[in-house]
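Novice: Let's see this in three dimensions:
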Amino acid sequence: MNQWIVAPVLLPAMTAGVLLLAGPRLPRWLQRSIGIFASIALLAVAVHLVCDANAGAVQVYALGDWRPPVGIALVLDRLSALMLLLTAGLGLCALIAASGGIDTESPYFHSLLQFQLMGLNGAFLTGDLFNLFVFFEVLLIASYCLLLAGNTSRRLHAGMHYVVVNLVGSSLFLIAAGLLYALTGTLNLADLAVKLPKLAAAEQVLAHSAALMLLVVFSLKAALFPLFLWMPPAYSAASAPVAALFAIMTKVGIYSILRVYLVVFEPAAGPLGLHLSNWLVPAGLTTMMCGAVGALASRRLSGLTAQLTLLSAGTILAVAGLATQQALSAALFYLAHSTLAMAMLFLLCGLIATGSGEASDRLRQMGSRQSVVLSLLFGFTAIIAVGIPPLSGFLAKLMLLQASEQASQWPAIWSVMLASSLLALLALMRAGITLFWSVRNSSVAVPLTGQGPQLAAPILLALAITALSAGAEPIKHFMNATAVQMTDVAAYTQAVLSTPGRP
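Specialist: Numbers count the residues shown, from 1 in each chain. Predicted structure coming up:
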């Protein structure tokens, strides 16, 4: 049994516990040092697990040595390893950016951020629905507190909607999970995949209802049309480092849809099979257009970025909903690209400001050299976000278009993807002109407090995106292998249910 599988959950949990118990008694520099050191260690563990997962075998860690499906199982494959690596990278960048002064908004900022990393990692690793619900709640409670840090009226207003909507989603999740448990006596995903096709016809109708409820819950987490209205206000109101980490929050919903439906409710499950293309493609396309129009209508850079995050979520699900190996591979490549790009843009929001007038005042304080660096970073981010050659944004969208060309829905996918990209380009061009071309720097530069760490974080993400572009070929091979593994349900169920342990 690979003992490292549990480390992405234990490491942030223990770090959060230490920081929470010590509380504000620790000096701020020590809290930052502990958090950053733990995040670097988490990133190293994630890299190790990606290397392990790339060997091809599905690995299972049975907590307490209880054999699945009785005990709690953590499952590592290429998909979960990819999501762990993205989470660890964003967590480290968010902490570095927050060290510029944002972490002073709450005495428990660092412990809350570690709890959110724990919830994210647990959701990506868990092999059963109940613990997926538990980790959802851990990351959501931490995100509630991180969103409300600073206690501004805008954050309180957005946070209230965020909390209420997610509480409704959690209630539906519990109902669906309870219904499946009553029908099958298990919530382990591999065991559900075996038992659901054996249900009687009347029971299969109830199980189908539970599957649709779960689709609603996961679509809510992924901000899929028509359940996305909570997301732009919440993400745009959060502080820049928190919003950067939130860039992967919608990916938890996307991950859950792909994991649960491809393993449990895939078409080979007989009457229970849900053809994802019937649901996800139209909903994803509508989400793309809503995000693109919302970006064009935004008057704040943070709001524009939140709308682009919505657009990226719709793009991923519109193509991944085709459920072919080529479509899944392209969607995963775009997922990695868009997560890094949106996080980088959120971090730039913290440096530039929230509105056009405020941005000009803030940029005047920086001096010409600092403004040039920011303008270059913004231009770089705009290029990759829209998909202009030759960086990873262009490569990702080209893969998406090629993956959908054999589908019956290809005219709609191509049209919406190209139109939304054009609208996003217009929105970012207008933002760049407003923010940078209208600025007249003062003769005396006033350095901004904490600017070094805040600037270092987006630069690190820019380097990661450059590496993604330069290493596109081997990374695409990894995504291809991940897509093949995702559709091999027999290998997944065999690996989980054959795990040794106490009965």
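Novice: quick one: buried residues of stretch 228-238?
Specialist: Residues 228, 230-238 are the ones in stretch 228-238 that count as buried (16 or more other Cβ atoms under 10 Å). Every residue, glycine included, has its C-beta placed from N, CA and C.
Novice: scratch that, stretch 122-134
Specialist: Judged by neighbour count (16+ other Cβ under 10 Å), stretch 122-134 contains these buried residues: 122-133.
Novice: again, but for stretch 466-482
Specialist: Buried-residue list, stretch 466-482, by 16+ other Cβ under 10 Å: 468-469, 472, 475-476, 478-482.
Novice: Run through who's touching that stretch.
Specialist: 54, 56, 77-79, 82, 325, 328-330, 332-333, 336-337, 340, 390-392, 395, 399 (Cβ atoms under 8 Å, 6 or more residues apart in numbering).
Novice: Would you list the buried entries among those?
Specialist: Buried among those by 16+ other Cβ under 10 Å: 77-79, 82, 325, 328-330, 332-333, 336-337, 340, 391-392, 395, 399.
Novice: Now, those that are in strands?
Specialist: Using DSSP state E, no member of the buried ones among the contacts of stretch 466-482 sits in strands.
Novice: where does this structure have low pLDDT?
Specialist: Applying pLDDT under 70 to the chain picks out residues 1, 150-151, 266-277, 353-371, 437-453, 501-503.
Novice: can you pull out the strands in it?
Specialist: 59-62, 73-76.
Novice: Can you lay out the ones you listed as JSON lines showing distance to Ser421 and mean neighbour count?
Specialist: Output for the strands of the chain, formatted as JSON lines (distance: least, Cβ to Cβ, whole Å; neighbours: other Cβ atoms under 10 Å):
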{"stretch": "strand 59-62", "distance to Ser421": "38", "mean neighbour count": "22"}
{"stretch": "strand 73-76", "distance to Ser421": "35", "mean neighbour count": "26"}
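Novice: Out of the ones you listed, which gets nearest to Gly379?
Specialist: Nearest of those to Gly379, taken as Cβ to Cβ: strand 73-76 at 38.2 Å.
Novice: list the helices and strands that closest one packs on?
Specialist: If you count contacts as 3 or more Cβ pairs under 8 Å, 6 or more residues apart in numbering; DSSP states H and E, strand 73-76 packs onto helix 28-53, strand 59-62, helix 109-125, helix 489-497.
Novice: quick one, which of those is packed in tightest?
Specialist: When those are scored by mean count of other Cβ atoms under 10 Å, the highest mean neighbour count falls to helix 109-125 (a mean of 27).
Novice: what's the angle from it to helix 28-53?
Specialist: Angle of helix 109-125 versus helix 28-53, following axes from the mean of the first three to the mean of the last three Cα atoms, to 10 degrees, is 10 degrees.
Novice: these two touch, right, Val50 and Ser80?
Specialist: No: Val50 is not in contact with Ser80 according to Cβ atoms under 8 Å; the separation is 9.8 Å.
Novice: Same list, the helices and strands packed on strand 73-76, but as JSON lines with distance to Leu174 please.
Specialist: Formatted as JSON lines, these follow (distance: least, Cβ to Cβ, whole Å):
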{"stretch": "helix 28-53", "distance to Leu174": "30"}
{"stretch": "strand 59-62", "distance to Leu174": "25"}
{"stretch": "helix 109-125", "distance to Leu174": "16"}
{"stretch": "helix 489-497", "distance to Leu174": "23"}
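Novice: give the contact list for Leu148.
Specialist: Leu148 neighbours (Cβ under 8 Å, 6+ apart): 155-156, 159.
Novice: whoops, Arg155 was the one
Specialist: Per Cβ under 8 Å, 6+ apart, neighbours of Arg155: 147-149, 237-238.
Novice: go on, Met344?
Specialist: Going by Cβ under 8 Å, 6+ apart, Met344 touches 244, 377, 381, 458, 461-462, 465.
Novice: Please repeat the previous calculation with a cut-off of 6 Å.
Specialist: Going by Cβ atoms under 6 Å, 6 or more residues apart in numbering, Met344 touches 381, 458, 461.
Novice: And the first one, how close does it get to Thr184?
Specialist: Meaning Thr381. Noted for Thr381: a distance of 46 Å to Thr184, by Cβ to Cβ, to the nearest Å.
Novice: Compare those two and say which is more crowded by neighbours.
Specialist: Thr381 (28 against 20; other Cβ atoms under 10 Å).
Novice: circling back to that earlier point, identify the farthest-apart pair in the buried residues of stretch 122-134.
Specialist: Going by Cβ to Cβ, the pair spanning the buried residues of stretch 122-134 furthest: Phe124 and Phe130, at 15.8 Å.
Novice: pretty sure Leu345 contacts Thr381?
Specialist: Yes: using Cβ atoms under 6 Å, Leu345 is in contact with Thr381, at 5.0 Å.
Novice: Check the chain for its longest helix and report it.
Specialist: helix 153-184 (DSSP state H).
Novice: for the residue nearest to Gln31 when sequence neighbours are not counted, what are its contacts?
Specialist: Distance criterion Cβ to Cβ, 6 or more residues apart in numbering; nearest residue to Gln31, sequence neighbours excluded, is His110 at 4.7 Å. His110 makes contact with 19, 31, 35, according to Cβ under 6 Å, 6+ apart.
Novice: Next one: the spatially closest residue to Tyr108 that is not a sequence neighbour from Ser171, what distance?
Specialist: Nearest non-adjacent residue to Tyr108, counting by Cβ to Cβ, 6+ apart: Leu20, 6.5 Å away. Going from Leu20 to Ser171 by Cβ to Cβ gives 27 Å.
Novice: Same drill for those two, tell me which one is more crowded.
Specialist: Comparing Leu20 with Ser171 by other Cβ under 10 Å, the one with more neighbours is Leu20, at 14 against 11.
Novice: do you know how far the more buried one is from Met118?
Specialist: Distance, Leu20 to Met118, by Cβ to Cβ: 12 Å.
Novice: Redo the buried residues of stretch 122-134 as a markdown table? Include distance to Val264.
Specialist: Converted to a markdown table, the buried residues of stretch 122-134 look like this (distance: Cβ to Cβ, whole Å):
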| residue | distance to Val264 |
| --- | --- |
| Gly122 | 19 |
| Ala123 | 16 |
| Phe124 | 17 |
| Leu125 | 17 |
| Thr126 | 14 |
| Gly127 | 11 |
| Asp128 | 11 |
| Leu129 | 9 |
| Phe130 | 14 |
| Asn131 | 15 |
| Leu132 | 12 |
| Phe133 | 15 |
